[in-house]
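A.B. asks: turn this into a structure:
(2 chains)
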Amino acid sequence: MDKFVTLKSLAIPLDRSNIDTDAIIPKQFLKSIKRSGFGPNLFDEWRYLDHGEPGMDNSARPLNYDFVLNKPEYTNANILLVRENFGCGSSREHAPWALLDFGIKAILAVSFADIFYNNCFKNGILPITLSNNEIDELFKVSSNQKLEIEVDLPKQRINFLNDKFFEFEIDEFKKNSLINGLDEIGLTLERTQEIKNFEQGYYDIYPWLK
Amino acid sequence: MGKTLYEKIFDKHRVLSSDDTHLIYIDRHLIHEVTSPQAFEGLKINNRQLWRKESIVAVPDHNVPTMSRDEGIKDPVSKIQVDTLNENCQTHNLLQFKMSDERQGIVHVIGPEQGLTLPGMTIVCGDSHTSTHGAFGALAMGIGTSEVEHVMATQCLIQKKLKTFKIQVSGKLHPSVTAKDMALFIIGKIGTAGGTGHAIEFCGNAVESLSMEGRMTLCNMAIEAGARAGLVAVDQITLDYLKNKPFSPKGEMWELAVKEWQTLKSDSDASFDKTIIIDASEIEPQVTWGTSPEMVAGITQAVPKLSDIQISKQPDFQRALKYMDLEENIPLSNISVDKVFIGSCTNSRIEDLREAAKFIKGKKVNASIKLAMVVPGSGIVKKQAESEGLDKIFIESGFEWREPGCSMCLAMNADRLEEGERCASTSNRNFEGRQGKGGRTHLVSPAMAAAAAVHGHFIDIREIN
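C.D. replies: Numbers count the residues shown, from 1 in each chain, chains lettered A, B, ... in the order given. Take a look at the predicted model:
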């Protein structure tokens, strides 16, 4: 997994609440058995005017130019700005895979759905929770000008408009995993003996689970 | 101070802790074809083994066709996914209920049905509706594919403790009001993010009176309230359901297990982070009118007026009405539908089919309905329904009687809505495009869906004899 320390980019303002994982990556694209290649179908139903299916030449499809992701200035942006309860619905990790494949590495929201929030960290994406007022201010700024944001994970803050900044909270374990790009399975496997010890006592108490 | 049910199960599975991050042991790992292939691939790339094969149970459900099964899967991309699951199960010698097995069905239906879901277990699956299994006093959570791989390789999950949320439903439900209505009513009250970061424990006499099928429906929808898990305490109804299921413990082991399971309830002095109390008699049959499960109201109500919506939520409200092609203030009983879908991990169990059949028996699907279909949750549910003659009731009224799978709940297979079509659906999500691009979903109970099929529009089933 790639490390995440700092990131500077334009923020794409997608002014909606309750954006679900079906919207992020519609189900027909879940048929892939790979982790990559989902980027062109990120927000497929909002981004294109036709109905998308796997295997289509996405570069030949009609674009919805009203949709913010299609604005030329955001083609290479790495930060997404949204409202409440982002990533609700299905547990599909294809949602963060699609975001990452498009280039999104940080998401700013008032709140995230739990499973999606977890899935982000497994893929080197930083989900940042800010207050309603802070998110509101960022949307206001972005309605007048392009909003460039610098995310500083070690300092747990985002900087914008030269001298403005917001601080954010993050779990220490998750922060550390991102900054160092740690492989969680590898970390847990270092505790193999403790897991084995646990199992021994466990199946003595609950033998019907053996 | 006493412990909540969630805390009891959590603590019993704690392998180790570092500050507020814990490693918890997983008893049961359910897998399906959509969220497991990348996990198996990850194991292979890193040359890692499965920690405990016996904990894994596999079933294809999301992509499987619900008709003409003997012709196999026509969609080549879907076929690759199901074939990949077969190969992975074969390579690792895992228990799988294949498409040809009569025990095949939706992963959240077959776990309980086979006695593979047991009280006190930690259960995970790469599917958000894993919360369903919490109906058995188990800690059941949906996880992403990276965590599927983590559990495969280590039998553990890295977790922070969830907060606890007690939802007490007191009093008596109207006989035609179901667990689905209770779930939608609760989501309407607390919102789709109301349970975020929490494990919800459902309790109160209206919950205790529910069958296991009803409790599963309720816990299934806990995720739509944002909760990672839903739980109901173990009681005699739980034990009666599990007794003699194929994989339930037998003989002395059963006795030993029951002794432990009877402790699986919150202590009377346990404290919850949040509590709400709901009066069951207030709950009407529910119908969603928007594009989020929280956009819901009782059947005697109307679509809200813009002026009744909080200003910050007005843009979402207007977008939802536009998508749903509805005006504010329209009575819900005026809404006509094109299709009716009875199925999904929320409402495809035998009790759901019996309930729906009651409103269909001797009647015909309205001429205005393009398609009405029943998709049983599993081959076993299908067989049971057929032995009771329910299939004939549905078929004679004009419903299609299909093979088990997830079907039009998420429309990954061929079953889907066309652009602009409106559906009365017993599933769990009314998101934009969920049942097909441009499709419009109204979430309801099986009885409400059945009545909508007969009348062509939503109707207050309490007025039907």
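
A.B. asks: what is the neighbour count of the nearest residue to B:D273 once chain neighbours are set aside?
C.D. replies: In space, and not counting its chain neighbours, B:D273 is closest to B:K163: 4.1 Å by C-beta to C-beta, 6 or more residues apart in numbering or on different chains. Just so you know, the C-beta spots here come from the backbone N, C-alpha and C atoms, and that holds for glycine as well. Neighbour count of B:K163, defined by other C-beta atoms under 10 Å in any protein chain shown: 17.

A.B. asks: repeat for A:S9
C.D. replies: 20.

A.B. asks: and it, how far is that from chain B?
C.D. replies: Distance of A:S9 to chain B, given as C-beta to the nearest C-beta, to the nearest Å: 24 Å.

A.B. asks: after whichever helix or strand that residue is part of, which helix or strand is next?
C.D. replies: Using DSSP states H and E, A:S9 sits within strand A:6-13. Downstream of strand A:6-13, the first helix or strand assigned by DSSP H and E is helix A:21-24.

A.B. asks: who does that following helix touch, helix- and strand-wise?
C.D. replies: Packing partners of helix A:21-24 (3 or more C-beta pairs under 8 Å, 6 or more residues apart in numbering or on different chains; DSSP states H and E): helix A:94-102.

A.B. asks: now the element after the helix it packs on, going C-ward?
C.D. replies: Sequence order places strand A:106-109 as the next helix or strand after helix A:94-102, per DSSP H and E.

A.B. asks: in CSV, list the C-alpha atoms belonging to that following strand.
C.D. replies: Output in CSV follows, covering the C-alpha atoms of strand A:106-109 (Å, rounded to 0.1, in the frame of the first residue of the first chain):
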residue,chain,number,x,y,z
ALA,A,106,-8.3,12.1,0.3
ILE,A,107,-12.1,12.7,1.0
LEU,A,108,-13.4,15.5,3.1
ALA,A,109,-16.9,15.0,4.6
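
A.B. asks: that older thread, beta partners of the residue nearest to B:D273?
C.D. replies: B:H198 (DSSP bridges).

A.B. asks: who are the neighbours in contact with it?
C.D. replies: Residues in contact with B:K163, defined by C-beta atoms under 8 Å, 6 or more residues apart in numbering or on different chains, are B:G197, B:H198, B:A199, B:D273, B:K274.

A.B. asks: ok, and what's touching the strand holding A:S9?
C.D. replies: A:68-69, A:73-74, A:76-81, A:104-106, A:108, A:126, A:138-139, A:142-143, A:146-154.

A.B. asks: would you map the helices across the stretch 1-150 of chain B?
C.D. replies: For the stretch 1-150 of chain B, helices defined by DSSP state H, counting those that start in this stretch occupy the ranges B:5-12, B:37-45, B:76-92, B:107-113, B:145-154.

A.B. asks: so the second one versus helix B:145-154, what angle?
C.D. replies: Angle, helix B:37-45 to helix B:145-154, by axes from the mean of the first three to the mean of the last three C-alpha atoms, to 10 degrees: 40 degrees.

A.B. asks: now A:K31, nearest residue through space, not along the chain?
C.D. replies: B:V77 (4.3 Å).

A.B. asks: dump the residue contacts of the one you found.
C.D. replies: A:K31, A:S32, A:P54, A:G55 are the contacts of B:V77 under C-beta under 8 Å, 6+ apart.

A.B. asks: can you turn the buried part of the residues you listed into a ChimeraX selection?
C.D. replies: This is how ChimeraX selects the buried members of the contacts of B:V77, with burial counted by 16 or more other C-beta atoms under 10 Å in any protein chain shown:
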select /A:31,32
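
A.B. asks: circling back to that earlier point, quick check: the gap between the residue nearest to A:K31 and A:A98.
C.D. replies: Applying C-beta to C-beta, to the nearest Å, the value for B:V77 to A:A98 is 17 Å.
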